[in-house]
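J.: need a 3D model of the following:
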Amino acid sequence: MTTLQTEIEEARPVAAQCDYTHLNVVLQDGRVLRTPMWWYPRLNKATTFERGQVEMSPLGVHWPAIDENISVASILRGQQAPGARAP
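T.: Predicted coordinates for the structure are as follows:
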């Protein structure tokens, strides 16, 4: 496996959980990424049930009920979704 392949595998999300204020994503290597919910307006407006319907992909997290995709790379860059506004 190349170095890039190893880095991608280690940064694979294995779990994601939303609370009222933050999105928490756990990576394969044990890191936990935490971002404010207001960064993702669609996710922030979703119901608890919709937020609980989460799928992991090799490069990010997907919520099918609201058609929201957030990549690990965008979290690491500190990239907010279009239209995100601080409360």
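
J.: quick one: contacts of stretch 71-82?
T.: With contacts defined as C-beta atoms under 8 Å, 6 or more residues apart in numbering, stretch 71-82 is touched by 11-13, 25, 27, 33, 35, 39-42, 59-61, 70. Where C-beta positions appear, they are placed from N, C-alpha and C, glycine not excepted.

J.: residue contacts, the closest residue to W63 other than its chain neighbours?
T.: Counting by C-beta to C-beta, 6 or more residues apart in numbering, W63 lies nearest to V54, which is 5.6 Å off, once chain neighbours are set aside. For V54, the contacting residues are 16, 61-63, by C-beta under 8 Å, 6+ apart.

J.: what segments of this protein are strands?
T.: In the chain, strands defined by DSSP state E lie at 13-18, 22-27, 32-36, 55-56, 60-63, 68-71, listed in chain order.

J.: what's the offset of the first one from the middle of its chain?
T.: The reference is to strand 13-18. Remark: strand 13-18 is offset 7 Å from the chain centroid, using C-alpha atoms, centre = their mean, to the nearest Å.

J.: circling back to that earlier point, now, of the strands of the chain, which is deepest in the fold?
T.: Of all the strands of the chain, strand 60-63 carries the top mean neighbour count, a mean of 20, counting by mean count of other C-beta atoms under 10 Å.

J.: ok, residues contacting that strand?
T.: 13, 16, 25, 43, 46, 50-51, 53-56, 68-74.

J.: pairing partners for it, with directions?
T.: strand 55-56 (antiparallel), strand 68-71 (antiparallel) (DSSP bridges).

J.: same list (the strands of the chain) but as TSV, adding mean pLDDT and distance to T3.
T.: Compiled in TSV, these are given as follows (pLDDT from 0 to 100; distance: least, C-beta to C-beta, whole Å):
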stretch	mean pLDDT	distance to T3
strand 13-18	97	20
strand 22-27	98	17
strand 32-36	98	21
strand 55-56	98	23
strand 60-63	98	21
strand 68-71	97	20
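
J.: can you list those strands in JSON lines and add distance to P87?
T.: Converted to JSON lines, the strands of the chain look like this (distance: least, C-beta to C-beta, whole Å):
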{"stretch": "strand 13-18", "distance to P87": "16"}
{"stretch": "strand 22-27", "distance to P87": "13"}
{"stretch": "strand 32-36", "distance to P87": "9"}
{"stretch": "strand 55-56", "distance to P87": "28"}
{"stretch": "strand 60-63", "distance to P87": "21"}
{"stretch": "strand 68-71", "distance to P87": "19"}
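
J.: much appreciated, bye for now.
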